[in-house]
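Novice: The following comprises the amino acid sequence and a computationally predicted model.
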Amino acid sequence: MSSVFAVLLFGMLAVGQEAPPADSGAKSSAPNPQLDVPTSPPVSFDQVVDRIVEREHFFVAQMRHLHPLAETYIQNLKDDKEIGLVPVSDQYFLGRIDMSNGADDRSFMGQPGFSHRVLSHLTNLYSMKFLPQGFAQMVMLDEDFQKKYYDLSFVRREFLGEVRCLVIDVQPKAKSGNGRFVGRIWVDDQDYNIVRFNGTYSSNSRYNYYLHFDSWRLNLRPGMWLPAYIYSEESDMKYGLGHSLKFKAQTRLWGYDLQHLTNKEEFTQIVVDSPQAVRDQSDAAQDATPVESERLWQRQAEENAVERLQKIGMLAPEGELDKVLQTVVNNLIVTNNLEIQPDVHVRVLLTSPLESFTIGHTIVLSRGLLDVLPDEPSLAMVLAHELSHIALGHRLDTKLAFNDRMFFPDSDTFERLDFTRSVNDEEAADKKAMELLANSPYKDKLSNAGLFLKALQANAPQLRNLIRPHMGNSLASGKAMRMSTLLNSAPQLETRKTDQIAALPLGGRVKLDPWSNRVELLKTKPVALTSAQEKMPFQVTPFFPFLTRLSSGAPEKVALTAPVK
């Protein structure tokens, strides 16, 4: 499988245009840049602008020392007279933003023309290519944001969640340079951080195409607002010879605090006891038997892989959502009288593509899959399939028990960690899963699970990148569908009926903390749909987080994030 795990670099915009002008004074070589905040409040709008500029330069300096993961998912659209815009194709990028040394065109994605700093976005003036750097660019208002380049005008005050903001329109001055931001910014009225900006970049050429976007930052640490979500959309961009572009895209950033996930700080907390106080904590009274040894060896391979995925920010730390998923698994185990040793665990992969797989006795489900599943029985269907692999003794390749196999660059993750199963194993797991579900509390509630598979099958040709797995088996492969028995017994799929929800839009169920990588279920009230256009199965929607502000010593909070329904 070719790698899609790339280093996303600050540089070209989404369709290959030049970057905004380089920073003239915001760089900092300090590992933890600090800003001396004036104690006296500003007394004029001009002084407010000075504070905003100062804070934005501080933000740029911070970003040079942070390397979050960035994921962009794009859906190209067409008009449907009855249900509005529908996807016709999609694209996907995953990588790590690196702004420490300016733009560096190294890439692991293997795309032709990826590193060319020219107009590589057009092919014979008939098609347009998206470049991942462009969506990474949208974390930055302007790398050299200064008053001399812009006209700013106050609009109003407005709350974004709990945070009261100054709303300010921003326009570049004449001859200020190509690629300057033009649009609107929201600035918190206490420390004058930009928390949201909405617009595009200016262009002096009809061959440069700057996309419109809505970029959000969250207060992840006291005094620190960092990029978390970017929504981009074009409804009728004209290019080439009479062509138009319609698309929606979500970019998510996370993994800011990966150093903490390595648990290096635990070394400093070790307490050295006297020899007399040390006792053997092992319950084993003898050497492991051959069967026990084989299980321990497989467990070591499992732990190595899980630890590696969490370390690089691909797997969420254990948390409350895992317990919810574990409850469903336990329902299946108890009602089927399964005896499985060692215990089964469930973890969350933080990426959008829909996939599930097992690593030994650890079941892994992607965040995107959890987002779009319509209900608990549908979740039970997915978990039953993976639990069946474990119950049937389908093994993990124990080469991963050797720790040296974990020493590889992040960009090689999808090549080095492969958890796909054979066709025979997949068919056996499907059959066993039906047996588990038939004895479970979900046995009479699986109609929506079948409808989900039908919706997946209907959308698979258009959403190949969303349905393409990176480490496990695909839910849909050609005309073959996982758990096809449920699909065949499901009611007819009615895309235009508002009371039949076969799948949800992306981003509506799982909340991700971009700092700690922890996930939890969104606690939102159901919204009554007024038309079939609002169903949007598997589709990209805008972000509107409920912003919160952290203060020193206050418990950490993360903005609630949900797409518009």
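Specialist: Perfect, thanks for sending it.
Novice: Let me know the secondary structure of residue 525.
Specialist: Three states are possible here, and by DSSP: H, G, I helix; E, B strand; the rest coil the one that applies to residue 525 is coil.
Novice: burial of it, as a residue count?
Specialist: As a burial measure, the neighbour count of residue 525 was computed by other CB atoms under 10 Å and equals 5. In short, each C-beta sits where N, CA and C put it, glycine included.
Novice: Next one: it relative to residue 363, how far apart?
Specialist: Computed as CB to CB, to the nearest Å, the residue 525 to residue 363 distance reads 29 Å.
Novice: Same question for residue 431.
Specialist: 18 Å.
Novice: Of those two, which one has the most company?
Specialist: Neighbour comparison, residue 431 and residue 363: the larger count goes to residue 363, with 23 against 13 (by other CB under 10 Å).
Novice: List the strands paired with whichever strand or helix holds that one, with their directions.
Specialist: Residue 363 is part of strand 362-366 when elements are defined by DSSP states H and E. Each strand pairing with strand 362-366, determined using DSSP bridges, is listed with its direction: strand 345-349 (parallel), strand 356-359 (antiparallel).
Novice: What's the first helix or strand after that strand?
Specialist: Helices and strands here follow DSSP H and E; after strand 362-366, the next one along the chain is helix 367-372.
Novice: Can you name the residues in contact with that next one?
Specialist: By CB atoms under 8 Å, 6 or more residues apart in numbering, the list of residues contacting helix 367-372 from outside reads 316, 321, 348-356, 379, 382, 452, 466, 475, 503-510, 512, 519, 537-538.
Novice: any idea how far it is from the chain center?
Specialist: In terms of CA atoms, centre = their mean, to the nearest Å, the gap separating the centre of helix 367-372 from the centre of its chain is 10 Å.
Novice: Quick one: mean pLDDT over that helix.
Specialist: Along helix 367-372, the predicted local confidence has a mean pLDDT of 96.
Novice: Also stretch 156-176?
Specialist: The average pLDDT within stretch 156-176 is 95.
Novice: What is the end-to-end distance of that stretch?
Specialist: The distance separating the two terminal residues of stretch 156-176, taken as CA to CA, to the nearest Å, comes to 26 Å.
Novice: Only alpha carbons, please: show the strand holding residue 363 as PDB.
Specialist: The C-alpha trace of strand 362-366 is given here as PDB (Å, rounded to 0.1, in the frame of the first residue of the first chain):
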ATOM      1  CA  THR A 362      -7.400  -5.100  20.700                       C
ATOM      2  CA  ILE A 363     -10.300  -4.000  18.500                       C
ATOM      3  CA  VAL A 364      -9.600  -0.700  16.700                       C
ATOM      4  CA  LEU A 365     -12.400   1.500  15.200                       C
ATOM      5  CA  SER A 366     -11.700   4.800  13.400                       C
END
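Novice: And it, how far out from the chain middle?
Specialist: How far strand 362-366 lies from its chain's middle: 15 Å, per CA atoms, centre = their mean.
Novice: State the mean pLDDT of stretch 191-208.
Specialist: The average pLDDT for stretch 191-208 rounds to 83.
Novice: Let me fix that, I meant to ask about stretch 233-245.
Specialist: Here the mean pLDDT over stretch 233-245 is 74, rounded to a whole number.
Novice: start to end distance for it?
Specialist: 10 Å.
Novice: isn't there a helix covering residue 541?
Specialist: No - with three-state DSSP as the criterion, residue 541 is located in coil rather than a helix.
Novice: Quick check: it touching residue 507?
Specialist: Yes - with contacts counted by CB atoms under 8 Å, residue 541 reaches residue 507, the gap being 6.6 Å.
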